[in-house]
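Asker: here is my input, please return the structure:
(4 chains)
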2 protein chains.
Amino acid sequence: MTTREQIIQSADNLIREKGYNAFSFFDISNVVGIKKASIHYYFPQKSDLGVAVIEEHLLRMKNIIDAYKDKSPVEKLDKFISVYSKVKTEKQICIVGSIATDFYTVDENMKTKLKEFTTVVLDWVRSFLEEGRKEKVFHFDGPGHTKALMIITSLLAIVQLSRVTGEKDFNIVKNKIKEDLLKK
Amino acid sequence: MTTREQIIQSADNLIREKGYNAFSFFDISNVVGIKKASIHYYFPQKSDLGVAVIEEHLLRMKNIIDAYKDKSPVEKLDKFISVYSKVKTEKQICIVGSIATDFYTVDENMKTKLKEFTTVVLDWVRSFLEEGRKEKVFHFDGPGHTKALMIITSLLAIVQLSRVTGEKDFNIVKNKIKEDLLKK
DNA sequence: GTCTATAGCAGGATAGAC
DNA sequence: GTCTATCCTGCTATAGAC
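Answerer: Reported below is the predicted structural model:
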């Protein structure tokens, strides 16, 4: 992994663990093994790094969407939920929730990039939910967009809430989402 | 309102708007009209103020629970949702989500107090959901605790997410929660 | 109780050597 | 590319006058 990639990965972990405003270039330097000033060579400003982190999530998500293009709606759902499971075991939260919390303190470029990422995720979830309903494997009422919101919000919040209430609640929510979708 | 109360209210607004790590005593001094050093008279450390803010939420929630003791489950639900509506119009997020995001950076006292608050809220929501199901006005499958988690997470996350995607999505989720509960 | 003054530290960012 | 050195700013917190 290049130094640039290591910095992005480290920043991503830190943002989702401690929040954007709580992590520093010094934190990263400890992980990557270069001095904090050297990070500015790759990312002149902190917000440049913030944008790069969101961009990385966008890229990964697009790769997942592409790789799962021809798979079943259930497989897509499982994959989507598994992203949050990984998040949870690492004691980190969703990038969207983390930056949304600090939304009114971050750079305009980060806001724009986060909107882009959120749109891509919402569209994908909505589309495989509607696909699943058409195939009669998923059952839910109302617009796909609404159901996508209900699922995404439950996952986004439970990774935060279960920091307070414990891991068990994360598994309850995770299972309930799938159960409700499959139930006639 | 006493100076102490003004400080707490101002801190509460700031924490839920910008996040715990982004607000400063100087921000508060601008709102309350005293110098930042004077705030230490009431709250020696920043975390003391953080604890007081959560305590205030706890007190308000207990007052609501008590005031709605003899009301119907639907009225309790409406009241609970209305708390988030107020949150939303003020561009602020839920205190639990805000501090959960910064969870691994805050004082142990704040963690403990947040757990206490979260437990009180979860217990209340679970209890009026089960009450409503018994009276056959609410309809849902599975444990009341699970349904309480699904509702709380949806609200907690949509006040964050709708900062990014827009107010409309907040109303969609708000309405969907009630619709799903009332639907046979 | 509120003020001024200041200590002490950490953060983002830049300059210039290597 | 990475380093050392440094600047500047903003923050929490304390001391002591009024």
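
Asker: before we move on, what SS does the residue in chain A sticking out farthest from the centre have?
Answerer: Largest separation from the mean C-alpha position in chain A: A:Lys184, at 29.2 Å (C-alpha atoms, centre = their mean). Secondary structure state of A:Lys184, per DSSP: H, G, I helix; E, B strand; the rest coil, is coil.

Asker: now it. Nearest residue, chain neighbours left out?
Answerer: A:His139 (5.3 Å; C-beta to C-beta, 6 or more residues apart in numbering or on different chains). For glycine as for every other residue, the C-beta is placed from the backbone atoms N, C-alpha and C.

Asker: how many neighbours does that neighbour have?
Answerer: A:His139 has 12 neighbouring residues, counting by other C-beta atoms under 10 Å in any protein chain shown.

Asker: for it, grab phi and psi.
Answerer: A:His139 adopts backbone torsions of phi -130, psi 120, taken as degrees, to the nearest 10.

Asker: quick one: it from A:Glu179, how far?
Answerer: Relative to A:Glu179, A:His139 is positioned 11 Å away (C-beta to C-beta, to the nearest Å).

Asker: contacts for the one helix or strand in chain A whose mean pLDDT sits lowest next, please.
Answerer: Least confident helix or strand of chain A, by mean pLDDT, DSSP states H and E, is helix A:73-89 with a mean of 93. Residues from elsewhere that reach helix A:73-89, judged by C-beta atoms under 8 Å, 6 or more residues apart in numbering or on different chains: A:16, A:64, A:68, A:71, A:93-94, A:124-125, A:128-129, A:131-132, A:135, A:137-138, A:155, A:158-159, A:162, A:167, A:170, A:174, A:177-178, A:181.

Asker: centre of the chain to stretch A:48-63, how far?
Answerer: Distance of stretch A:48-63 from its chain centroid, counting by C-alpha atoms, centre = their mean, to the nearest Å, is 10 Å.

Asker: count of residues packed around A:Glu75?
Answerer: Neighbour number of A:Glu75 under other C-beta under 10 Å is 12.

Asker: hmm, the longest helix seen in chain A in reach of chain B?
Answerer: Ordering each helix of chain A by length in residues (DSSP state H) puts helix A:108-134 first. Yes. With C-beta under 8 Å from any C-beta of the partner chain as the criterion, chain B is reached by helix A:108-134 at A:Lys111, A:Leu114, A:Lys115, A:Thr118, A:Thr119, A:Leu122.

Asker: for the spatially most central residue of chain A, what are phi and psi?
Answerer: Centroid-nearest residue in chain A, with C-alpha atoms, centre = their mean: A:Cys94, separated by 4.1 Å. Note on A:Cys94: backbone dihedrals following degrees, to the nearest 10 are phi -70, psi 140.

Asker: phi, psi of the residue nearest to it when sequence neighbours are not counted?
Answerer: Nearest residue to A:Cys94 in three dimensions, chain neighbours excluded: A:Leu156, at 4.9 Å (C-beta to C-beta, 6+ apart). Here is the backbone geometry of A:Leu156 (degrees, to the nearest 10): phi -60, psi -40.

Asker: neighbours of A:Leu156, just the number please.
Answerer: Neighbour number of A:Leu156 under other C-beta under 10 Å is 28.

Asker: my guess is it meets A:Gly97, correct?
Answerer: Yes. Counting by C-beta atoms under 8 Å, A:Leu156 touches A:Gly97, with 4.8 Å between them.

Asker: now for the two: what residues contact both?
Answerer: In contact with both A:Leu156 and A:Gly97: B:Ala157, B:Gln160, B:Leu161, using C-beta under 8 Å, 6+ apart.

Asker: now A:Val137, what's its secondary structure?
Answerer: coil.

Asker: give me the pLDDT for it.
Answerer: Looking at A:Val137, its pLDDT stands at 98.

Asker: look up how far chain B lies from it.
Answerer: According to C-beta to the nearest C-beta, to the nearest Å, A:Val137 stands 18 Å off from chain B.
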